[in-house]
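Q: whatever this is, show me its structure:
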Amino acid sequence: MTCDPGPRTPDPGPSNPWTPGNGLHYQLLAKSGKARRGRFWTQHGVVETPAFMPVGTQATVKCVLPQQVRDTGADVVLANTYHMGSPERVQLVERHGGLHAMMRWNHTILTDSGGFQVFSLPDRTITEEGVKFRFTQGDAPTVLTPEASMDLQRRLGADIVMAFDECVEPTAEAKYVSESLDRTHRWLKRCFTVKLQEHQHLFPIIQGGMFLELRSKAVKQCVELDAPGYAIGGVSVGEGHAAMKRVVEHTAPLLPEDKPRYLMGVGLPEDLVASVGAGMDIHDCVIPTRYAREGTVFTWDGKMRLQDKRFKKDRYAIDTKCACPACAGGFSRGYLRHLQFADEPLGQTLMTLHNLHFYQDLMRAMRQAIEQDRFDAWRKEFELRYFAGRQGGDESEAPEGRRGRPQRDY
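A: I've put the predicted structure just below:
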């Protein structure tokens, strides 16, 4: 088996050619089928792709230190505009000189626009101006417009900022999705009128629901604006793995080859492998950190739910070949299970570190497979091993059979 690339060796990376006012300098280094191996630069360093961004919703990746996140091999993290966008929090960030200084993370940061979180709220009103909503019950209504979203992200200071868009339900009808897409495009043009900081780069988001013709239309609209990179949104919202693949495999090849491609909110290991195979470069999701806090860890042989009784007396590490602090440190599955039931934060920290290491190991393995032009063979080896333990089990766990996936929320 060649799934696991082995222990990570420190790599300072190439020198940074980024200069204010220019693009992200994306370099396509290798291809294997549609899968891409590349890198791009921001003011805060190089991002090797395919990449996975740990989610730092409220300006922190839960349970772990920034240096521990960096030690997994992560080049970029995500913070969320909705959660950091209240006046008090924005002022706090500004007093610290921006997210990078406050978080003690001197590497690339991406901020979401807040659109997904706003559109997941039950009580909201969508107009041409923007979206009216309440942060909590009893609050005065707030209107989030494209201009306001961009200004918040400008003040937060992330390297990559996302356009304000509407994320529609996967069950939405074609007429509504079409109208929403046109409104999102008008909002996108308004986003581009807001002057950002010199180091910031705005990515449009390709919407269109489950309708491939609308996805094609959205790509054409966005590419005309010649942005530094592009994102595919509106997946990982309960549509299922097969539908996600269908949308991404259609949309990714339509995007410019010389710009980074970001698939938002994805996902499980099998989702990441499918996305990279379709030609996407950047990914984010709460799954590795949230699952860890709930006692579920990922390995090359599938998921482990450490709450299960079979781990009660287990003295082995999660993965005896893993170099993360939990495994290399000798912390057993039985002990981690104990920490979970005792509600001890150490367990959440150790399992979070393991999952973050696994996800970065997975991305490194895919980069290596693309460089060797054997991605399809590697993918078959990965899926054979990763799903081997599920044979005869719950088919809803398998990629093509899953009827729904954890929804993306921050």
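Q: list the contacts for the residue nearest to residue 26 when sequence neighbours are not counted?
A: The shortest distance from residue 26 to any non-neighbouring residue, by Cβ to Cβ, 6 or more residues apart in numbering, is to residue 40 (4.2 Å). Yep, even glycine has a C-beta here, placed from its N, CA and C like the rest. Neighbour list for residue 40: 24, 25, 26, 27, 46, 47, 49, 229, 260 [criterion: Cβ atoms under 8 Å, 6 or more residues apart in numbering].
Q: what about 10 Å?
A: 18, 23-28, 46-49, 51, 75-76, 108, 160, 201, 228-229, 259-260, 281-282 (Cβ atoms under 10 Å, 6 or more residues apart in numbering).
Q: again, but for residue 128
A: Shown in contact with residue 128 (Cβ under 10 Å, 6+ apart): 145, 183, 186, 187.
Q: can you rerun that using 7 Å?
A: residue 183 (Cβ atoms under 7 Å, 6 or more residues apart in numbering).
Q: and the pLDDT for it?
A: For residue 128, the model assigns a pLDDT of 94.
Q: show me what counts as buried in the helix or strand hosting residue 188.
A: Assessed by DSSP states H and E, residue 188 sits inside helix 174-191. For helix 174-191, a neighbour-count test (16 or more other Cβ atoms under 10 Å) marks 177, 178, 180, 181, 183, 184, 185, 187, 188, 190, 191 as buried.
Q: name every strand pairing with whichever helix or strand comes after it and say which way it goes.
A: With elements assigned by DSSP H and E, the helix or strand that comes after helix 174-191 is strand 201-203. With DSSP bridges as the test, strand 201-203 is paired with strand 160-162 (parallel).
Q: I figured residue 208 hits residue 181, correct?
A: Yes - Residue 208 sits in contact with residue 181 when judged by Cβ atoms under 7 Å, with a separation of 5.7 Å.
Q: anything in contact with each of the two?
A: 214, 217, 218.
Q: and the angle for whatever helix or strand the last one lives in with helix 174-191?
A: The reference is to residue 218. Using DSSP H and E, residue 218 sits in helix 212-223. Per axes from the mean of the first three to the mean of the last three Cα atoms, to 10 degrees, the angle that helix 212-223 makes with helix 174-191 is 10 degrees.
Q: who's sitting farthest from the centroid in the chain?
A: For the chain, the residue at maximal distance from the C-alpha centroid (Cα atoms, centre = their mean) is residue 313, at 34.9 Å.
Q: is it fair to say it lies in a strand?
A: No - counting by DSSP: H, G, I helix; E, B strand; the rest coil, residue 313 is not found in a strand; it is coil.
Q: next one: it from residue 334, what distance?
A: 6 Å (Cβ to Cβ, to the nearest Å).
Q: what is the helix holding residue 218 packed up against?
A: Counting contacts by 3 or more Cβ pairs under 7 Å, 6 or more residues apart in numbering; DSSP states H and E, helix 212-223 is packed against helix 174-191, strand 205-206, helix 241-251.
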